[in-house]
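Novice: from the sequence below, what's the structure:
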Amino acid sequence: MIAVDVGVGSGFITEGLLGRGLAIIDVDQSEAMLDELKRKFTTGGKVDCRIGDALMLPVPSESVDYVFANTCLHYVVSSALAVKEMARVVKPGAKGVMTDLEEHDFGFLREKQHTGGWASRRNP
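Specialist: Okay, the predicted model is just below:
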């Protein structure tokens with residue numbers, strides 16, 4: 001089973017997915033962040049780091065079992081186009097999980113999570 005972690009950042013989602021035995025394609029715009037992840041996850045080929053963004057994923061169409069995007073949609077020009085792009089890469093019947101942020105005044109999140117004034121949004 002293969003998952004894509006879009007806007008991977010520090011690898012929080014990747015770490016959890018590895019614990020479930022999945023192979024991961026980590027996609028991020030920051031080459032420096034991907035270099036950090038390569039050092040962090042020395043898993044014998046289970047993590048494939050690729051430079052890219054949510055609007056043009058470097059992943060073939062209908063090739064993965066899961067797609068995850070944790071706190072990255074608020075950074076893209078069009079979250080609708082990003083979701084469409086994520087739908088492109090998953091196999092028919094596959095699953096996607098997207099979480100994002102809304103404005104907040106929580107200093108600890110700004111400092112520890114570098115959210116810049118945004119907090120997790122939960123939809124009922």
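
Novice: which residues in the chain form helices?
Specialist: 12-19, 31-40, 79-89, 107-112 (DSSP state H).

Novice: so which of these gets nearest Val64?
Specialist: Nearest of the helices of the chain to Val64, taken as Cβ to Cβ: helix 79-89 at 5.5 Å. Just so you know, the C-beta spots here come from the backbone N, C-alpha and C atoms, and that holds for glycine as well.

Novice: show me what the closest one packs onto, helices and strands only.
Specialist: strand 2-6, strand 64-70, strand 90-103 (3 or more Cβ pairs under 8 Å, 6 or more residues apart in numbering; DSSP states H and E).

Novice: that helix - what's its average pLDDT?
Specialist: For helix 79-89, mean pLDDT is 94.

Novice: quick check: angle from it to strand 90-103?
Specialist: Angle between the axes of helix 79-89 and strand 90-103 is 150 degrees (criterion: axes from the mean of the first three to the mean of the last three Cα atoms, to 10 degrees).
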